[in-house]
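Novice: make a model of this:
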Amino acid sequence: IVVIDAGGFVTTINPAAARMFDVEVASAPGRRATDLGLFSEQDFALGLGRTRGSRGEGQPIVRRYGDIVLSAVVSPLGTSGDLPGVRPAAGGWVCIIRDVTELTRIDEMKNEFISVVSHELRTPLTAIKGFTDLILEGEAGDVTEAQREFLEIVQSNSDRLVALINDMLDISRIESGRISLALDEVYVPDIIRQTLSALRPLVDEKQLNVRTEIDVEIPPIVGDAGRLLQILTNLVSNACKYTDAGGWITVAAEPLDGLVAVSVSDTGIGIPADALPRVFSKFYRVDQAAARAVGGTGLGLAITKSLVEM
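Specialist: The predicted structure is shown next:
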């Protein structure tokens, strides 16, 4: 445990933290917290621990410290700590620091395993999907109606497996820091139009109504067009999956303080309030009958959140 005042100076350190940072308990108070090596001046400039979780807990700051990896949960003192974005005017912060080196190593091994397995699954699945498509196209002779029905089931499930593998690879790359963004000038309305065009078959199949509310004053932004398309596709396809026939999906975009705000809303089943804190967690799916009836892996929103944060 390390307590830091509003000026960024250590006021209290317990023996465990002193051993962790190789300092004396008596000599640490009065030193700049940045001297410990865990926090940077940028952390303080941005407001140390200003981001709060959905349940009010501080979000961890993770740093490599020599050969170990440390995770610090930072909570403000002397202010309304439960309000997102509030910096303490006085009182400073209390930091609960843990050594997560072993957890990080296990996580890296898990990501590597997922990556390898996903790549290995892709090769036979590509062959299954490719030859199924060829048979359906008549390359191996005429196909009866019964054969076509069965092959289309194979084709549909192959597509689901490909989507699952792509999601697993994406989450693995994101968590291991192997995704890089190709930044360029992007016009958001073009991304919205591409998304809706690609999802038109799904929209038509479910007999949904789609409208756009795009402000004419939207400026170009700097972003990765491919990843923005992936983000919007995830959100709009979710809206399609959880909205009954005849329902409405709205995609809106407007300027906001030099940025562009994009939203996707629908008239579907919605999300229970008690599920909101977990909807962006990996593999989490809302536990209600209407949601269980719709296929999904619980990875789409986790990937979307990570890409938006990047």
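Novice: which residues does Ala17 contact?
Specialist: Going by Cβ atoms under 8 Å, 6 or more residues apart in numbering, Ala17 touches Ile1, Val2, Ile97. Using the backbone N, CA and C atoms, a C-beta is placed for each residue, glycine as well.
Novice: with Ala239 instead?
Specialist: Contact analysis of Ala239 by Cβ under 8 Å, 6+ apart lists Ile249, Val264, Ser265, Asp266, Gly268.
Novice: highest neighbour count among those?
Specialist: Neighbour counts for these (other Cβ atoms under 10 Å) peak at Ile249, which has 24 neighbours.
Novice: doesn't it fall inside a strand?
Specialist: Yes - according to DSSP: H, G, I helix; E, B strand; the rest coil, Ile249 belongs to a strand.
Novice: is it true that it touches Lys206?
Specialist: No - contact criterion Cβ atoms under 8 Å: Ile249 and Lys206 do not qualify, at 9.9 Å.
Novice: overlap in contacts, the two.
Specialist: In contact with both Ile249 and Lys206: Cys240, Thr243, using Cβ under 8 Å, 6+ apart.
Novice: ChimeraX command to pick out the buried ones of the contacts of Ala17?
Specialist: A single ChimeraX command selects the buried members of the contacts of Ala17 (16 or more other Cβ atoms under 10 Å):
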select :2,97
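Novice: let's have the contacts of Ala17 in JSON lines, adding pLDDT, secondary structure and distance to Ala140.
Specialist: Shown next, in JSON lines, are the contacts of Ala17 (pLDDT from 0 to 100; DSSP: H, G, I helix; E, B strand; the rest coil; distance: Cβ to Cβ, whole Å):
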{"residue": "Ile1", "pLDDT": "91", "secondary structure": "coil", "distance to Ala140": "69"}
{"residue": "Val2", "pLDDT": "90", "secondary structure": "strand", "distance to Ala140": "69"}
{"residue": "Ile97", "pLDDT": "90", "secondary structure": "strand", "distance to Ala140": "63"}
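Novice: identify the residue nearest Thr212 in space, chain neighbours excluded?
Specialist: Spatial nearest neighbour of Thr212, chain neighbours left out: Val251 (5.1 Å); criterion: Cβ to Cβ, 6 or more residues apart in numbering.
Novice: residue contacts, the one you found?
Specialist: By Cβ under 8 Å, 6+ apart, the contact list for Val251 reads 192, 195-196, 210-214, 232, 236, 262-264.
Novice: narrow those to those in helices?
Specialist: When the contacts of Val251 are checked against helices (DSSP state H), the matches are Ile192, Thr195, Leu196, Leu232, Val236.
Novice: just for this protein, where's the confidence low?
Specialist: For the chain, applying pLDDT under 70 flags the ranges 45-59, 78-91, 287-297.
Novice: buried residues in the helix or strand where Glu108 lies, which are they?
Specialist: Using DSSP states H and E, Glu108 falls within helix 101-136. Using 16+ other Cβ under 10 Å as the test for burial, helix 101-136 gives Thr104, Asn111, Ile114, Ser115, Ser118, Leu121, Leu125, Lys129, Thr132, Ile135, Leu136.
Novice: returning to that earlier point: of the ones in helices among the contacts of Val251, which is the nearest to Pro15?
Specialist: If you rank those by distance to Pro15 using Cβ to Cβ, Leu232 comes first, at 50.9 Å.
Novice: isn't that closest one up against Thr195?
Specialist: Yes - applying Cβ under 8 Å, one finds Leu232 in contact with Thr195, separated by 4.3 Å.
Novice: which one of the contacts of Ala239 sits closest to Gly30?
Specialist: Taking Cβ to Cβ as the measure, Val264 is the one of the contacts of Ala239 closest to Gly30, at 50.9 Å.
Novice: quick check: the closest residue in space to that closest one that isn't next to it in sequence vs Asp67, distance?
Specialist: Spatial nearest neighbour of Val264, excluding adjacent residues (Cβ to Cβ, 6+ apart): Leu235 at 4.2 Å. Using Cβ to Cβ, to the nearest Å, we find Leu235 at a distance of 41 Å from Asp67.
Novice: give me the more crowded residue out of the two.
Specialist: Taking Leu235 and Asp67 together and counting by other Cβ under 10 Å, Leu235 has the greater number of neighbours (22 against 6).
Novice: test my guess that Leu36 contacts Gly8.
Specialist: No - applying Cβ under 8 Å, one finds Leu36 not in contact with Gly8, separated by 10.9 Å.
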